[in-house]
Every structure is written in C-alpha cells, then in structure tokens.
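Participant: Need a 3D model of the sequence below.
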Amino acid sequence: MSSNDYETSDTHSTTTDTAESASESTDSTDQLELAAQVELLTEENHRLRQEYVQARQSRYRSTAVGLAAIGIVAALGGLLFPDTRDVLVALGATGLFGAVLTYYLMPSQFIAADVGERVYTAAMTNLASISDELGLRENRVYVPGETVPARLFVPQHVEYSIPDDRSGPIVVDDDSRGLFLEATGAELFREFERALTGKVGTEPTVIASQLTDGLVEQFELAQSADADIDAANGRATIAITGSAFGSLDRFDHPIPSFLAVGFAAGLDRPVTLEVAAGDDRADWLVTCRWGSETETETA
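Facilitator: Residues are numbered from 1 along each chain as shown. This is a model prediction of the structure:
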C-alpha cells in the first residue's frame, strides 16, 4: 500500500470523525433548544394560571368594593335624610354585610377545567367499561331518592322496573337487573340547592330556568344553555354550547347528569336521559323525559 493510500484513509477517517462530531453537536444543540422551549412554555403556563386566578379574585374584590360603597352611601344618606333613615340604614347594613361576606368567602384557589375533565374521564371510562362488560343497555334513568337528590339506574333489559333496593351498586333482581349508582350531578345539585334563593321549582319551566342558570352562572360548566319545554308530553330539551368538560355523550357526564338529577328531584319522578350532537345553533342537545312513557317502561 502506497503512502497516498494511507493519506487517503486518514483523511477519510478524519472527515468521518468530524461529521459525527458535528452531528452530535447538532443533536446536543437541538436537545438544549427543546429543553429551553419546554421550560419557557412551563413558565408561561404557570404565569397564565396565576393571572387567571388573580383575574377571578379581582372580580370578587370588585364586587366586595361595590357592595361596600353602596353600603356607605346608603348609611350616609340615612344621616342626611331623616325621613328615609330606616330604609337607608337597612340598605347600608345589607351592603356592608354583603361586602364582608364576598371578601372573606372569596375562593383562594381555582382548579382549571381541563384538570377536572381528565379526572372525570378516567373515572367514567372505568364505569363505562364495567357497563359494557355486564351487557347493560344505553338507557340512563335518574331516580329521585330519599337521602340523595337522585341516583342513576342503568338497566340490563329493554323492559325494566326501578329497583326496590336502592342501595346498589349492582342489582340482580330479574326485572330490575343492572347498575344503581351515585349520579355525578347529585353533588352538583346539592351545591346548587344551597346557593339557590328560595326552593327548587316543581314545574318543568321553572326547573329548567333554574338549572340552566346554575350551569352557566354558578358552575360555569357551559357558555350557554337554552331550554325548550314540552310539559304536556313530559319533555325538556336543553341546547348546550361551550361545554367546559368536553363531549356530553359520555357516561354520566356532569352537565346532562346535573340536568337529569334536577328534573328528577324537582318533579319527583324518574327521568330518562338522551344526549345528541347539536346543529349550527348549539353543540349538544340534552333531552330529559318523564311522564307516561317513562312510567310505563319503569313500571
């Protein structure tokens, strides 16, 4: 082998080593850039969450300040206008009391909707798998209870009756075989009742108005909820837009569950639930049915 061959071999080896070194350097640079981007995005996400919490808390503070201002103005008005002193003093005391309550009851922590949605998804996926494994039907029946607003019954057969034993969760009676579960919307409904001024209505139109306001204003689970009531035929269809918990057609989703529990508790009747994709006016249509058809099925 000539010296030229050795030189060519050495040159090729050096070139290969240089290329490998350059490739490793590029990979290392890319990894550092990706790590820097991930860290930057993490910090930005944390910053946005803090700003969101501060914005929500700012709303409560503004409300408290507004109530306090009303209370102070009313109290001063009571000093200036003796003829209406009693009314103005009462209004001032109410405003100041409301301001104190709003300020001290202001939530210190907010949970992002996507976190709650992931928790719900995991739990309901397991229940849906159990339901499929037991060969249960797609029927969802919300039954008013004595100690709870309502519970969820998932029957196995086309013709079924409401279980006499309401303890659940597995019912083995021939005519009411299936699952009898705690409804996702039951605890939401309890919280809704505690915050409600007055009592839950007993007429479908009133119940629908209260529940849709609760969904949008109190829980902020949807951007809008519009009800269409056909009381004569025992039907209420609620058009939902902007769900905070994703698709509504999953097992015992919080939004349909809350609505069905509310109608079952308010009307004191079993309520069947249907969820369908919406049209150009709404994302989802949630239909609750009660009355003769439901009572015939569950008799």
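
Participant: Compute the mean per-residue pLDDT across the helix or strand containing Gln31, please.
Facilitator: Counting by DSSP states H and E, the element that carries Gln31 is helix 3-80. Helix 3-80 shows a mean pLDDT of 64.

Participant: Equivalent analysis for stretch 211-219, please.
Facilitator: Stretch 211-219 comes out at a mean pLDDT of 92.

Participant: just stretch 126-145 next, same as before
Facilitator: Mean predicted confidence for stretch 126-145 is 88.

Participant: now do stretch 153-167
Facilitator: 84.

Participant: And Asp283, how far from Ile162?
Facilitator: Computed as C-beta to C-beta, to the nearest Å, the Asp283 to Ile162 distance reads 32 Å. The way it works is simple: take the backbone N, C-alpha and C, and place the C-beta from them, glycine included.

Participant: typo on my end, Ser224
Facilitator: For Ser224, the distance to Ile162 - C-beta to C-beta - is 33 Å.

Participant: Between these two, which is the more surrounded one?
Facilitator: Between Ser224 and Ile162, counted using other C-beta atoms under 10 Å, the more crowded position is Ile162 (19 against 13).

Participant: secondary structure element for the more buried one?
Facilitator: Residue-wise, Ile162 maps onto no helix or strand under DSSP H and E.

Participant: now swap in Leu181 and tell me
Facilitator: strand 178-182.

Participant: low pLDDT regions in the stretch 151-299 of the chain?
Facilitator: Counting by pLDDT under 70, the stretch 151-299 of the chain shows low-confidence ranges at 292-299.

Participant: Which parts of it are strands?
Facilitator: Along the stretch 151-299 of the chain, the segments classed as strands by DSSP state E, counting those that start in this stretch run 170-171, 178-182, 224-230, 235-241, 271-277, 284-289.

Participant: Show me what the shortest one is packed against.
Facilitator: Spelled out, it's strand 170-171. With contacts defined as 3 or more C-beta pairs under 8 Å, 6 or more residues apart in numbering; DSSP states H and E, strand 170-171 has these neighbours: strand 178-182.

Participant: Any idea how far the strand it packs on is from the middle of the chain?
Facilitator: 21 Å (C-alpha atoms, centre = their mean, to the nearest Å).

Participant: Could you do stretch 203-223 as well?
Facilitator: 13 Å.

Participant: Quick check: end-to-end length of that stretch?
Facilitator: Start to finish, the residues bounding stretch 203-223 are 24 Å apart (C-alpha to C-alpha, to the nearest Å).

Participant: residues in contact with it?
Facilitator: By C-beta atoms under 8 Å, 6 or more residues apart in numbering, the list of residues contacting stretch 203-223 from outside reads 188, 191-192, 195-196, 200-201, 224-227, 229, 231, 236, 238, 240-245, 254-255, 258-259, 262-263, 266-267.

Participant: Now, of those residues, which are buried?
Facilitator: With neighbours counted by 16 or more other C-beta atoms under 10 Å, these contain buried members at 188, 192, 200-201, 225, 227, 229, 236, 238, 240, 243-245, 254-255, 258-259, 262-263, 266-267.
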